[in-house]
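Engineer: Here is the input, now give the coordinates:
(one chain, ligands or ions: 2)
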Amino acid sequence: MDVAISPSILSADFTNLEAELHRIADADFAHVDVMDNHFVPNLTLGLPVVERIVRVSPVPIDVHLMIEDPDRWAPAYAEAGAASVTFHAEAVRAPVRLARELRRLGARAGVALRPATPVEPYLDLLAEVDMVLVMTVEPGFGGQSFIEGTLPKIRRTRAAIAESGLDVWVQVDGGISAETVERAAEAGANVFVAGSAVYSSDDAAGRIADLRRLAQG
Ligand code: DX5
Ligand code: ZN
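Structural biologist: Ligands and ions are numbered 1, 2, ... in the order given. Coordinates of the predicted model:
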């Protein structure tokens, strides 16, 4: 995968999700933020809604689980047909077992790191996952500003993947816009989540195309 754009439906109109998913039909994925009001101080949606989203979405679903006990809950999202399921390193108990289970169920497995979580303790996981999500804001809310201090971690993550020879994607999530996407790409990210930057526009397809062009450099 070269560059992928994954708009976050957190900034979409939740009463019109099917239409909102069709607004981003040019994207590579639709990013779905699952929050449980424990791992993060916000509550969004869960499995029954994701099951329906998978059925109506024109693009594959990229699930970001901001929940406690992903070991218990994550496999059901893969069973529901999500293309990608990402759990947080800070919440998971048995990351290798969970990543293997997600892959066995046919999903790509991702591990996410909060802005202050270093990547180094998780480098041994690279062979078990398809994606590392480097959070570029504190998870919980859309519309926050990009934390520049996460750029070195994106760089270190990309360098470790290059050294490993594995094909692992690096996703960034939070504050990604036309102003920040190039810096994240230059640091080594190749999958870009953008919520407010895409959904705040009447021309979501245009925003997706702009982000893709800027990310490709
Ligand atoms: C935040 C979520 C993000 C959020 C990004 O915790 O994980 O996916 O939707 O929103 P923006 O792009 O507005 O920062
Ligand atoms: Zn997210």
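
Engineer: Is ligand 1 within reach of the helix or strand harbouring residue 214?
Structural biologist: Using DSSP states H and E, residue 214 sits within helix 204-216. No: using CB under 6 Å from any ligand atom, helix 204-216 stays clear of ligand 1, coming no nearer than 10.5 Å. Yep, even glycine has a C-beta here, placed from its N, CA and C like the rest.

Engineer: just checking, what packs against that helix?
Structural biologist: Contact partners of helix 204-216 among helices and strands, from 3 or more CB pairs under 8 Å, 6 or more residues apart in numbering; DSSP states H and E: strand 4-7, helix 181-187, strand 191-194, helix 196-199.

Engineer: Comparing those, which stretch has the densest surroundings?
Structural biologist: strand 191-194 (a mean of 28; mean count of other CB atoms under 10 Å).

Engineer: What ranges in this structure fall below the confidence cut-off?
Structural biologist: Within the chain, the stretches with pLDDT under 70 are 1.

Engineer: near ligand 1, which residues of the chain?
Structural biologist: 8, 10-11, 31, 33, 64, 137, 139-144, 173-176, 193-197.

Engineer: contacts with ligand 2 among those, please.
Structural biologist: Counting by CB under 5 Å from the ion, 33, 64, 173 from these sit close to ligand 2.

Engineer: Which strand residues bridge the last one?
Structural biologist: Counting by DSSP bridges, residue 173 is bridged to residue 135, residue 193.

Engineer: just to revisit the earlier point, reformat the helices and strands packed on helix 204-216 as CSV; add distance to residue 91.
Structural biologist: Below are these laid out as CSV (distance: least, CB to CB, whole Å):
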stretch, distance to residue 91
strand 4-7, 21
helix 181-187, 24
strand 191-194, 19
helix 196-199, 25
